[in-house]
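Student: Kindly generate the corresponding structure for this input.
(one chain, ligands or ions: 2)
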Amino acid sequence: MGFIELILATILLGFLISLGLYLFQNYEHKSGKTSPYCKPTILITGPNNSGKTALFFKLLEGPFSADYNVSTLSSIEPNIKEIKLPLSNEKIGARYQLIDYPGHKRYISLFNKLITEDVTIKNIKGVIYMIDSSTSVLQDEAVREIAQQLLRLFPLTEAKLGGTDFLIAVNKQDLFDSRPVNRIRQLLQAELTKLILAELHESRLHEQDEDEDEGSTSLRDFCTSLMGTSKEFTFDMLEGNVDFIGGSVLRNKTDAWFNWIDERVVN
Ligand SMILES: Nc1nc2c(ncn2[C@@H]2O[C@H](COP(=O)(O)OP(=O)(O)O)[C@@H](O)[C@H]2O)c(=O)[nH]1
Ligand SMILES: [Mg+2]
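Tutor: Numbers count the residues shown, from 1 in each chain. Ligands and ions are numbered 1, 2, ... in the order given. As a prediction, this is how the structure comes out:
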């Protein structure tokens with residue numbers, strides 16, 4: 001085969017492969033196959049190292065065994081497992097999906113796709129947002145990041161009738177320097193107020209701009225309709241309930257969280 005023929009053959013092959021992929025993807029799309037993750041879900045998320053994976057395994061395996069080894073748990077990979085709920089009544093045994101997903105910005109687009117397209121928001125029966133309450137960790141910067149993460153989540157989770165219930169699981173209350181639950185709620189409300197007012201201020205500045213990207217437009221719409229004429233954000237403004245409850249995975253202070261999960265299942 002001559003050089004020219006070889007090039008032509010390569011181009012043709014490339015074209016055929018692209019066409020094949022295109023047809024295959026379209027076929028998948030049109031056949032409307034639902035994702036295997038599309039089922040009733042309890043989602044655990046929040047900053048790295050807050051105790052999400054520890055809670056995930058505690059929920060699946062019962063109380064910590066003495067040889068429980070946290071250092072073997074990956075903090076980067078999401079964990080997804082089936083769980084029978086409510087926890088307090090094995091006989092009912094409704095099948096739920098428990099997801100432990102790192103809240104890091106780096107995974108935001110994968111995370112958004114998982115919860116909006118695969119699981120779907122209507123299937124999310126509750127979000128457990130886990131926080132490390134120790135003062136050494138929960139500095140201004142950490143509070144800001146948590147508020148930013150919550151503000152990315154709320155427009156998605158509030159998009160269904162009645163919103164989505166959140167448990168802010170204030171973990172590591174066993175530590176000597178842990179902040180009180182109510183103080184953390186105040187800090188987050190203040191930080192969210194700042195972020196939302198800044199967003200609304202931006203939107204006034206850019207009112208004349210025509211081509212805004214969709215993401216920020218929907219955040220703006222969300223903030224606008226959430227705040228109305230109010231100058232201060234409170235968690236009560238959301239359709240879903242937001243409960244702040246302290247505890248400690250390590251010290252087995254998890255009963256109130258487990259009750260919260262069971263209430264989401266019964267309702
Ligand atoms: N002191 C204390 N440490 C905890 C508690 N819960 C989890 N940890 C520790 O926090 C670290 C991070 O936990 P991990 O579950 O991996 O956090 P993740 O990154 O949110 O999944 C581990 O060393 C855990 O042992 C708690 O209630 N108190
Ligand atoms: Mg983890």
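
Student: and the residue nearest the centre of the chain, what element?
Tutor: Closest residue to the average C-alpha location of the chain: Thr45 at 5.0 Å, with C-alpha atoms, centre = their mean. With elements taken from DSSP states H and E, the one containing Thr45 is strand 41-46.

Student: List of residues touching that strand?
Tutor: 52, 55-56, 83, 85, 96-103, 111, 115, 119, 123-131, 146, 149, 153, 169, 261, 264 (C-beta atoms under 8 Å, 6 or more residues apart in numbering). For every residue, glycine as well, the C-beta is placed using N, CA and C.

Student: Any idea which helix or strand in the protein has the lowest mean pLDDT?
Tutor: Among the helices and strands of the chain, helix 3-30 carries the lowest confidence by mean pLDDT, DSSP states H and E, at a mean of 75.

Student: how distant is that helix from the center of its chain?
Tutor: Relative to the mean C-alpha coordinate of its chain, helix 3-30 is positioned 38 Å out (C-alpha atoms, centre = their mean, to the nearest Å).

Student: Same question for stretch 194-205.
Tutor: Chain-centre distance of stretch 194-205: 23 Å, with C-alpha atoms, centre = their mean.

Student: Provide a list of residue ranges in the stretch 51-200 of the chain with pLDDT below threshold.
Tutor: Low-confidence segments of the stretch 51-200 of the chain (pLDDT under 70): 62-76.

Student: Mind jotting down where the strands sit in it?
Tutor: Secondary structure of the stretch 51-200 of the chain (DSSP state E, counting those that start in this stretch): strands at 79-85, 94-102, 124-132, 166-171.

Student: which residues touch Thr254?
Tutor: Contact analysis of Thr254 by C-beta under 8 Å, 6+ apart lists 55, 58, 247-248.

Student: again, only using 7 Å
Tutor: By C-beta atoms under 7 Å, 6 or more residues apart in numbering, Thr254 lies in contact with 58, 247.

Student: Look up the pLDDT of it for me, please.
Tutor: Looking at Thr254, its pLDDT is 96.

Student: Show the contacting residues for the residue found closest to Arg251 once you drop the neighbours it is linked to in the chain.
Tutor: Nearest non-adjacent residue to Arg251, counting by C-beta to C-beta, 6 or more residues apart in numbering: Asp174, 4.5 Å away. Listed by C-beta under 7 Å, 6+ apart, the contact set of Asp174 reads 248, 250-251.

Student: what subset of these is also close to ligand 1?
Tutor: Near ligand 1, taking C-beta under 6 Å from any ligand atom as the test, the members of the contacts of Asp174 found are 248, 250.

Student: Around Thr229, how many other residues sit close by?
Tutor: 4 (other C-beta atoms under 10 Å).

Student: Is it in a helix, a strand, or coil?
Tutor: With DSSP: H, G, I helix; E, B strand; the rest coil as the basis, Thr229 sits in coil.

Student: wait, Gln149 sits on Gly103?
Tutor: Yes. Gln149 is within contact range of Gly103, at 5.1 Å (criterion: C-beta atoms under 7 Å).
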